[in-house]
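In: Prediction below, plus the sequence it came from.
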Amino acid sequence: MTRPFVALLSLLGLALGCPGQGPGMDAGPAPTDVRTLLGVPEILPLPVIPEDNPLTEAKIALGRRVFYDKRLSRNQTQSCGSCHEQARAFTDGLALAEGSTGQFHFRSSMSLTNVAFAGTLTWASPVVRVLEDQALLPLFGEDPVELGFSGAEDELVQRFRDDDEYPDLFADAFPDRDQITLKSIVDAIATFERALISFDSAYDRAIYGGDQTAMSESARRGLALFQGERLECFHCHGGYLFTDTTTHENTVFDEVFFHNNGLYNLDEDGAYPAADTGLFKVTGHPEDMGRFKAPSLRNIAVTAPYMHDGSLATLDDVLDHYARGGTLTEDGPNAGDGKDNPIKSGFVSGFVLTDQERADLHAFFDALTDETFLTRADLSDPWP
């Protein structure tokens, strides 16, 4: 790669406000085509499709192949699928993601479930909001190193040009382009990621499909608890995605939010560990300390460990955290009581759960698991 990483991101439109990125942009193919290709239920809106990267079946198939291709890493040991495993709802089961060189990320891999609807694409940045741009970060990022292609863009592209099968596959997917380019590679990856649609859980069959037997009575009680004012969960994990940071073709205002949930409090001012201060790292505003995106809870039962740094191992740990109103770290470099964090969200105020209520919440979380999504052959790794 002959120019700095930041320049590359700018060139491909990472900065906010670039044409074709806003909620009002052209949605590309006819909505019925998008709905059919992605399998989005009629009751739900459609995701935004970039005008310069329309959705096609050939491009989804190509993107799947590229997404799982270990030639995406400089040392050919990892692909996108290495940190985003289908059986785990496209996460990796690690507290902190590990890159191709063995360097650990300072954050946990986010689930790609319904990522086409995500309002922002990292844990704590309002900038990275388009999948084509996000794909550049693991490819070329230097701190941490993930796929390790910083300074070697030409080598990455040449690998795909030299393959026996890829030239024809790219030609089918991008008939308007003369040859394989970096843009074609990231456009293919982004298109496959938009196809990671998950709306076939027991919850969906009950709520959207009208199947009254799909959810157990325990799961329904858990849903009522989740949506109630006593627990306050729905404020940050509401709507059809169970997150408040979303976008779709009918979005009329910016739905991107970040929250401090009292996970840490290293001092009396609410400090978070220096390795990751959340939105504060981007803005420098004191009130943004420890603010992170609330992830979607779809398939949450299979995406442990939890939080931006994987510091809570189980869903019971998560429930304990919110029931207490913040996590107490008794010793070590991160010692402090998140319950007393002065800048945490007002919705994290604590509550008491009975054993039955805890069981009901678990039943509800299980009802958000889409087994079809976790096992669909057309989303799986095609490489032997």
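Out: Thanks, I have it.
In: so for stretch 151-160, what's the average pLDDT?
Out: Stretch 151-160 carries an average pLDDT of 98.
In: buried ones in it?
Out: Within stretch 151-160, the residues that count as buried by 16 or more other CB atoms under 10 Å are 153, 156-157, 159-160. Where you see a C-beta, it was placed from the backbone N, CA and C, and this is true even at glycine.
In: Filter the residues you listed down to just the ones in helices.
Out: 153, 156-157, 159-160 (DSSP state H).
In: Any chance of these in CSV with distance to residue 311 as columns?
Out: Below are those laid out as CSV (distance: CB to CB, whole Å):
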residue, distance to residue 311
153, 35
156, 34
157, 38
159, 37
160, 38
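In: tell me which of those residues is nearest to residue 54?
Out: Closest approach to residue 54 among those (CB to CB): residue 160, at 20.8 Å.
In: Contacts for the helix or strand where residue 319 lies next, please.
Out: According to DSSP states H and E, residue 319 maps onto helix 315-324. Around helix 315-324, the neighbours that count as contacts under CB atoms under 8 Å, 6 or more residues apart in numbering are 231, 233, 261-263, 300-301, 304, 306-307, 312, 327, 338-339, 348, 350-353, 358, 361-362, 365.
In: Narrow these to just the buried residues.
Out: Buried, going by 16+ other CB under 10 Å: 231, 233, 261-263, 300-301, 304, 306-307, 312, 327, 338-339, 348, 351, 353, 358, 361-362, 365, out of the contacts of helix 315-324.
In: which ones among those residues are found in strands?
Out: Within the buried ones among the contacts of helix 315-324, no residue falls in strands by DSSP state E.
In: Tell me which entries of the residues you listed lie within helices.
Out: Filtering the buried ones among the contacts of helix 315-324 for helices - DSSP H - leaves 358, 361-362, 365.
In: can I get the residues you listed in a markdown table with distance to residue 119?
Out: Below are these laid out as a markdown table (distance: CB to CB, whole Å):
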| residue | distance to residue 119 |
| --- | --- |
| 358 | 30 |
| 361 | 26 |
| 362 | 28 |
| 365 | 23 |
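In: Determine which two of those are furthest apart.
Out: 358 and 365 (10.7 Å).
In: follow-up on the earlier one: next secondary structure after the helix holding residue 319?
Out: strand 328-329.
In: Could I get the buried residue list for the helix holding residue 319?
Out: 315, 318-319, 321-322, 324.
In: coming back round to it: tell me the one of the ones in helices among the buried residues of stretch 151-160 nearest residue 70?
Out: For those, the nearest to residue 70 is residue 159 (10.4 Å; CB to CB).
In: what's around the residue lying closest to that closest one once chain neighbours are set aside, how many residues?
Out: In this structure, residue 159 finds its nearest non-sequential neighbour in residue 71, 4.8 Å apart by CB to CB, 6 or more residues apart in numbering. Using other CB atoms under 10 Å, residue 71 has 16 neighbouring residues.
In: who are the neighbours in contact with residue 71?
Out: Counting by CB under 8 Å, 6+ apart, residue 71 makes contact with 79, 156, 159-160.
In: and the residue of the chain most remote from its centre, helix, strand or coil?
Out: What lies farthest from the middle of the chain is residue 164; by CA atoms, centre = their mean that is 32.6 Å. Put simply, residue 164 is coil when judged by DSSP: H, G, I helix; E, B strand; the rest coil.
In: What ranges in the stretch 201-350 of the chain fall below the confidence cut-off?
Out: Counting by pLDDT under 70, the stretch 201-350 of the chain has no low-confidence residues at all.
In: Is residue 85 in contact with residue 94, as I believe?
Out: No: contact between residue 85 and residue 94 fails when scored by CB atoms under 8 Å: they sit 10.3 Å apart.
In: Next, find the distance separating residue 302 from residue 264.
Out: 26 Å (CB to CB, to the nearest Å).
In: and if you look at residue 209?
Out: 41 Å.
In: which of these two has more neighbours?
Out: Under the neighbour definition other CB under 10 Å, residue 209 and residue 264 were set side by side, and residue 264 has more, 29 against 15.
In: Apart from its neighbours in sequence, what residue is nearest that one?
Out: Nearest to residue 264 is residue 272, by CB to CB, 6+ apart, at 4.7 Å.
In: And for residue 300?
Out: Leaving aside its sequence neighbours, residue 300 sits nearest to residue 365 (CB to CB, 6+ apart; 5.4 Å).
In: ok, now residue 267?
Out: residue 336 (7.0 Å).
In: Please verify my assumption that that neighbour contacts residue 269.
Out: No: assessed by CB under 8 Å, residue 336 is found out of contact with residue 269, at 10.5 Å.
In: Break the protein into its domains for me.
Out: The chain breaks down into these domains under automatic domain parsing: 5-198, 202-371.
In: Need those domains in JSON lines (columns: distance to residue 381).
Out: Supplementary listing: the domains of the chain in JSON lines, determined by distance: least, CB to CB, whole Å:
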{"stretch": "domain 5-198", "distance to residue 381": "4"}
{"stretch": "domain 202-371", "distance to residue 381": "17"}
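In: Compare the ones you listed and give me the one nearest residue 384.
Out: With CB to CB as the yardstick, what comes closest out of those is domain 5-198 (10.9 Å).
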